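Novice: Need coordinates for the following:
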Amino acid sequence: MKKNTNFTEVTEFPDELVTQQQIDRFVQRYFWSVEYCKGKTILEVACGSGPGLPLIASVAKQVFALDIDKNLLSVAKKYNPNIVFFNDDIESHDFRGAKYDVIMIHEAIYYFEDPIGLLKRLKEILHPNGVILISSVNPSIEGFNKSQFSKNYLDISAYINAANELDMKLTVSGGFELAALNKNLSFKFRQKLKKLASSFGLIPKSMRGKRILKRIFFGRLSKMPVLKDKSNFIGRYIAPQAICKEQANDLDYEILYISLTLNS
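Specialist: Below you'll find the model as predicted:
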């Protein structure tokens with residue numbers, strides 16, 4: 001991951017106008033993660049502006065977060081005064097012997113040139129029985145559109161291979177089942193528009209450009225929240241559904257949730 005890359009262009013900020021779908025995805029990944037974090041020592045890699053960290057900090061023993069972009073960290077610190085932040089590249093950061101129970105990488109693993117190498121490095125700083133949590137868009141779905149600055153997207157087969165190479169226990173879940181979403185006519189219409197725009201190269205790469213497009217496609221937008229507790233979003237949360245690894249080629253979810261657990 002390059003230090004001189006301006007990741008503010010591809011990052012969601014608190015109070016930024018976003019779609020309800022973006023908020024639901026954001027809520028889902030941190031509600032899923034928080035169940036692993038109770039009483040644990042946590043590290044979030046590529047934490048961005050940190051809007052989900054208050055929820056994690058509310059249940060964890062201690063929380064650390066790292067990001068390569070100092071501008072993003074300056075925002076994250078405003079909402080997370082009790083979290084220890086590192087402005088550095090995870091691939092070269094000196095952890096000085098520190099170990100973590102849970103390491104989270106949300107919507108960021110595809111920005112790394114060597115994601116498997118990254119996972120190997122993270123494995124080295126896990127406590128026994130520690131877990132790496134990953135959320136990422138499913139690159140196998142129809143109409144998939146790469147994020148600006150992205151390098152490598154992993155599908156389920158790649159995660160299975162990584163787990164075998166790392167000798168770690170893998171569990172796979174999916175969020176936002178397409179079969180259910182496609183029952184919504186407005187969703188189907190928006191997906192067709194998105195596919196058409198993508199085929200003509202009309203989808204902007206930056207968040208600012210996408211915001212304009214979203215306003216046209218989705219209408220009313222809402223402010224990206226800061227997650228302090230679950231109370232305001234319980235009704236919107238749908239837990240990710242377990243996916244059988246043997247059916248990896250039949251995936252039908254927009255978002256992949258991966259946990260890699262260190263064998264004791």
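Novice: pretty sure Gly48 is touching Thr8, no?
Specialist: No - using CB atoms under 8 Å, Gly48 is not in contact with Thr8, being 9.0 Å away. For every residue, glycine as well, the C-beta is placed using N, CA and C.
Novice: Quickly list what's touching both of these two.
Specialist: Listed as contacting both Gly48 and Thr8 by CB atoms under 8 Å, 6 or more residues apart in numbering are Asp69, Leu72.
Novice: Which one's more surrounded, those two?
Specialist: Set Gly48 next to Thr8 and count neighbours by other CB atoms under 10 Å: Gly48 wins out with 24 against 16.
Novice: Can you list the residue ranges for strands in the stretch 151-264 of the chain?
Specialist: 168-177, 222-223, 241-242, 253-262 (DSSP state E, counting those that start in this stretch).
Novice: Just name the most buried of these.
Specialist: Mean neighbour count (mean count of other CB atoms under 10 Å) peaks for strand 253-262 among the strands of the stretch 151-264 of the chain, with a mean of 21.
Novice: next one: the one helix or strand His127 maps to to chain centre, how far?
Specialist: Assigned by DSSP states H and E, His127 belongs to strand 126-137. How far strand 126-137 lies from its chain's middle: 12 Å, per CA atoms, centre = their mean, to the nearest Å.
Novice: Can you list the strands that it pairs with?
Specialist: strand 100-106 (parallel), strand 253-262 (antiparallel) (DSSP bridges).
Novice: before we move on, back to that, out of the strands of the stretch 151-264 of the chain, which comes closest to Ile90?
Specialist: Ile90 lies closest to strand 253-262 among the strands of the stretch 151-264 of the chain, at 15.6 Å (CB to CB).
Novice: Quick one: mean pLDDT over the closest one.
Specialist: For strand 253-262, the mean per-residue pLDDT is 95.
Novice: CA-only coordinates of it in CSV, if you can.
Specialist: Extracted C-alpha coordinates of strand 253-262, given in CSV (Å, rounded to 0.1, in the frame of the first residue of the first chain):
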residue,chain,number,x,y,z
TYR,A,253,-24.0,-12.6,-1.7
GLU,A,254,-22.8,-9.0,-2.3
ILE,A,255,-20.5,-9.0,0.8
LEU,A,256,-18.1,-11.7,2.0
TYR,A,257,-17.3,-12.1,5.7
ILE,A,258,-14.2,-14.2,6.4
SER,A,259,-12.7,-15.3,9.7
LEU,A,260,-9.3,-16.9,9.9
THR,A,261,-8.6,-18.4,13.3
LEU,A,262,-5.1,-19.4,14.6
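Novice: in the sheet, who's paired with the spatially most central residue of the chain?
Specialist: The C-alpha lying nearest the average C-alpha coordinate of the chain belongs to His106 (CA atoms, centre = their mean; 2.2 Å). Beta bridges link His106 to Ser135, judged by DSSP bridges.
Novice: returning to what we had before: to Asp101, which of the strands of the stretch 151-264 of the chain lies closest?
Specialist: Among the strands of the stretch 151-264 of the chain, strand 253-262 comes nearest to Asp101, with 9.9 Å by CB to CB.
Novice: so where's the stretch 151-264 of the chain uncertain?
Specialist: By pLDDT under 70, the low-scoring segments of the stretch 151-264 of the chain are 179-219, 245-251.
Novice: For it, just list every one of the helices.
Specialist: For the stretch 151-264 of the chain, applying DSSP state H, counting those that start in this stretch gives helices covering 156-166, 178-181, 185-199, 207-218.
Novice: What residues does His106 make contact with?
Specialist: Contacts of His106 by CB under 8 Å, 6+ apart are Arg29, Tyr30, Ser33, Glu44, Ala46, Gly52, Leu133, Ile134, Ser135.
Novice: Including pLDDT, could those residues go into CSV?
Specialist: What follows is these, written out as CSV (pLDDT from 0 to 100):
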residue, pLDDT
Arg29, 97
Tyr30, 97
Ser33, 98
Glu44, 98
Ala46, 97
Gly52, 97
Leu133, 98
Ile134, 98
Ser135, 98
